[in-house]
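Asks: coordinates only, sequence not included:
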């Protein structure tokens with residue numbers, strides 16, 4: 001009897017394999033970081049072969065630590081950094097270029113070209129997304145236009161594309177030896193190519209982008225059997241039965257299955273997802289309309305999403321680029337050396353601003369500096385930037401949904417930072433709640449896979465697993481909250497219009 005489910009979490013900075021039991025508790029974990037490649041300003045890449053090697057390694061780590069074999073695993077779920085695009089030769093299994101990461105901004109000229117006829121919302125009614133460098137579609141176009149021979153190979157049917165879930169799935173199921181080329185509805189909804197209503201690739205949009213349909217994976221439900229692991233794998237013959245983009249997976253792991261439920265993930269970036277049920281809600285306030293999940297043949301659930309490009313990666317930047325701290329957890333200790341931000345506000349628009357502004361011309365700014373400001377204030381301003389950005393996204397969600405959130409469920413690496421969580425509650429004016437199992441992204445992928453093979457019987461089974469760990473209540477008075485928000489919004493305006501003819505998008 002297989003007593004566990006394995007989740008593969010292919011993230012922006014690392015790949016992990018986590019084994020869960022029926023109660024949703026973590027049994028063991030394997031993790032390896034991969035290189036962040038920055039060829040030019042605004043360019044962010046990963047090596048797909050390194051990612052696949054790491055995924056194979058972490059599966060072995062997780063099994064080994066728990067003294068388990070493939071016979072103990074009922075199903076495998078995959079979750080991934082969503083818009084990061086890989087294009088590879090299906091005959092050789094070799095990528096023709098590095099993976100272009102979701103944060104990458106090199107495709108702005110392609111965005112501008114496509115937006116010349118109809119503006120940035122040209123396809124939004126159909127796909128729920130504005131034209132932006134964030135999504136996979138323009139990354140595919142860039143590769144086809146800039147990698148020698150790529151266009152010809154694509155037209156001949158030799159090249160295929162996937163976000164990293166598809167890359168992992170294809171390799172895990174055999175690669176050139178019969179690998180499954182598929183994705184799920186949540187990942188497909190991040191390409192700019194999928195019609196939200198039909199859940200199929202849109203021929204007119206593909207024609208506008210000039211991307212051959214033959215490159216695209218088959219779209220499947222998030223919970224359902226995609227295939228089985230190849231005979232060369234440590235988990236051979238185990239069904240791969242779940243696939244969700246990381247933010248949708250975190251929502252699934254938080255048991256936010258009903259309309260009106262939501263979560264906010266604090267990772268490399270921040271992503272707030274609000275479940276709108278079977279209804280497609282088009283945002284009027286700078287949010288994305290996306291797929292939440294689909295279980296088997298059931299109707300899909302949709303969501304509104306507020307995407308913030310830089311939160312946890314700002315802490316990494318302070319560590320790696322400035323040497324202000326030696327390790328990420330030190331940011332909290334440094335921030336606690338001061339009582340407030342000293343008047344400093346840090347707007348980390350390193351990749352432009354995502355929701356609710358969608359300003360690709362913005363760049364980062366640290367404002368309000370005086371001789372009084374020290375590194376403790378800068379550390380606090382960096383943490384507060386995450387909370388301020390979340391507040392602006394939550395305001396947009398409240399405006400679009402017409403229903404004010406009464407509490408915010410949180411997950412991701414940064415929620416271990418109690419100082420940040422308290423400030424988040426203060427600036428929102430609502431409680432912030434952390435679950436016992438913080439690894440909700442991997443848990444959501446495990447849940448989707450386990451549901452598909454009967455390991456868990458239904459969503460009620462999963463709801464019973466969710467448990468509260470910590471809760472932060474707002475302590476800031478209304479006048480101070482409004483003062484800080486006013487200053488934050490003023491700081492945001494200082495980042496606008498930086499990229500122009502003198503400062504190229506590159």
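Replies: Perfect, I can see it now. Owing to the predicted nature of the structure, the values given are computational and were not obtained by experimental measurement.
Asks: From residue 305, how far off is the residue of the chain positioned farthest from its centre?
Replies: When distances are taken from the C-alpha mean of the chain, residue 371 lies farthest, 37.8 Å away, according to CA atoms, centre = their mean. Per CB to CB, to the nearest Å, residue 371 is found 41 Å from residue 305. All C-beta spots, glycine's among them, are computed from the backbone N, C-alpha and C.
Asks: By residue count, which helix of the chain is the longest?
Replies: Counting by DSSP state H, the longest helix found in the chain is helix 375-401.
Asks: for the stretch 351-500 of the chain, what spans make up the helices?
Replies: 375-401, 418-428, 440-452, 459-465, 478-493 (DSSP state H, counting those that start in this stretch).
Asks: and among those, the most buried is which?
Replies: helix 440-452 (a mean of 31; mean count of other CB atoms under 10 Å).
Asks: one step back: chain center to the longest helix of the chain: distance?
Replies: Put simply, helix 375-401 sits 17 Å off its chain's centre (CA atoms, centre = their mean, to the nearest Å).
Asks: name the helices or strands packed onto that helix?
Replies: On a contact count with 3 or more CB pairs under 8 Å, 6 or more residues apart in numbering; DSSP states H and E, helix 375-401 meets strand 262-266, strand 270-277, strand 301-308, helix 312-320, helix 330-335, strand 345-347, helix 418-428, helix 478-493.
Asks: How about residues contacting the second one?
Replies: Applying CB atoms under 8 Å, 6 or more residues apart in numbering, the external contacts of strand 270-277 come out as 246-248, 250-251, 256-265, 290, 292, 301-308, 311, 386, 389-390, 393-394, 397, 401, 405, 412.
Asks: Put the buried members of those into a PyMOL selection.
Replies: The PyMOL selection below is limited to those of those classed as buried (16 or more other CB atoms under 10 Å):
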select buried, resi 246+247+248+250+251+256+257+259+261+262+263+264+265+290+292+301+302+303+304+305+306+307+308+311+386+389+390+393+394+397+401+405+412
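Asks: Adding distance to residue 363 as columns, could you present the helices of the stretch 351-500 of the chain in TSV?
Replies: Below are those laid out as TSV (distance: least, CB to CB, whole Å):
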stretch	distance to residue 363
helix 375-401	14
helix 418-428	24
helix 440-452	29
helix 459-465	42
helix 478-493	12
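Asks: Export the ones you listed to TSV and append columns for mean pLDDT and distance to residue 46.
Replies: Converted to TSV, the helices of the stretch 351-500 of the chain look like this (pLDDT from 0 to 100; distance: least, CB to CB, whole Å):
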stretch	mean pLDDT	distance to residue 46
helix 375-401	94	23
helix 418-428	96	27
helix 440-452	96	18
helix 459-465	94	31
helix 478-493	97	29
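Asks: before we move on, back to that, can I get the helices and strands packed on helix 375-401 in JSON lines including distance to residue 69?
Replies: Listed next are those as JSON lines, based on distance: least, CB to CB, whole Å:
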{"stretch": "strand 262-266", "distance to residue 69": "32"}
{"stretch": "strand 270-277", "distance to residue 69": "35"}
{"stretch": "strand 301-308", "distance to residue 69": "35"}
{"stretch": "helix 312-320", "distance to residue 69": "35"}
{"stretch": "helix 330-335", "distance to residue 69": "39"}
{"stretch": "strand 345-347", "distance to residue 69": "48"}
{"stretch": "helix 418-428", "distance to residue 69": "39"}
{"stretch": "helix 478-493", "distance to residue 69": "52"}
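Asks: so where's this structure uncertain?
Replies: 501-506 (pLDDT under 70).
Asks: please redo it, this time with the cut-off set to 50
Replies: Judged by pLDDT under 50, the chain has its weakly predicted residues at 505-506.
Asks: Enumerate every residue touching the nearest residue to residue 88 once chain neighbours are set aside.
Replies: Distances taken as CB to CB, 6 or more residues apart in numbering place residue 95 nearest to residue 88, at 4.5 Å, with adjacent residues excluded. By CB under 8 Å, 6+ apart, the contact list for residue 95 reads 48, 49, 86, 87, 88, 89.
Asks: partners of the fourth one in the sheet?
Replies: Note on residue 87: beta-bridge partners by DSSP bridges are residue 161.
Asks: Which residues belonging to stretch 16-35 are considered buried?
Replies: Within stretch 16-35, the residues scored as buried using 16+ other CB under 10 Å are 16-20, 24, 26-32, 34.
Asks: which two from the residues you listed end up farthest apart in space?
Replies: 24 and 34 (27.1 Å; CB to CB).
Asks: Helices of the stretch 101-250 of the chain, start to end?
Replies: For the stretch 101-250 of the chain, applying DSSP H, counting those that start in this stretch gives helices covering 108-115, 124-127, 136-146, 150-155, 164-172, 185-188, 203-209, 246-253.
Asks: Just name the most buried of those.
Replies: Scoring the helices of the stretch 101-250 of the chain by mean count of other CB under 10 Å, the most buried comes out as helix 246-253, with a mean of 32.
Asks: Show residues contacting it.
Replies: The contact list for helix 246-253 (CB under 8 Å, 6+ apart) reads 9, 11, 77, 79-82, 186, 222, 244, 262-263, 265, 267, 271, 273, 275, 290-293, 303, 305, 411-412, 437, 439-448.
Asks: redo that, cut-off 6 Å
Replies: 79, 186, 263, 265, 271, 273, 292-293, 411, 440-441, 443-445, 447 (CB atoms under 6 Å, 6 or more residues apart in numbering).
Asks: Same question for stretch 126-142.
Replies: If you take CB under 6 Å, 6+ apart as the criterion, stretch 126-142 is touched by 83, 85, 100, 102, 105, 107-108, 110-111, 114-115, 120-121, 124, 161, 190-193, 195-196, 209, 211, 288-290, 358.
Asks: Let's see that with 7 Å instead.
Replies: 83, 85, 87, 100, 102, 104-108, 110-111, 114-115, 120-122, 124, 161, 163, 189-196, 202, 209-211, 288-290, 354, 358, 360 (CB atoms under 7 Å, 6 or more residues apart in numbering).
Asks: same question, stretch 101-112
Replies: Here stretch 101-112 has contacts from 12, 42-46, 81-84, 131-134, 138-139, 141-142, 309, 351-352, 360, 505-506, using CB under 7 Å, 6+ apart.
Asks: Apply the buried test to those residues and list what passes.
Replies: By 16+ other CB under 10 Å, those give 12, 42-46, 81-84, 131-134, 138-139, 141-142, 309, 351-352, 360, 505 as buried.
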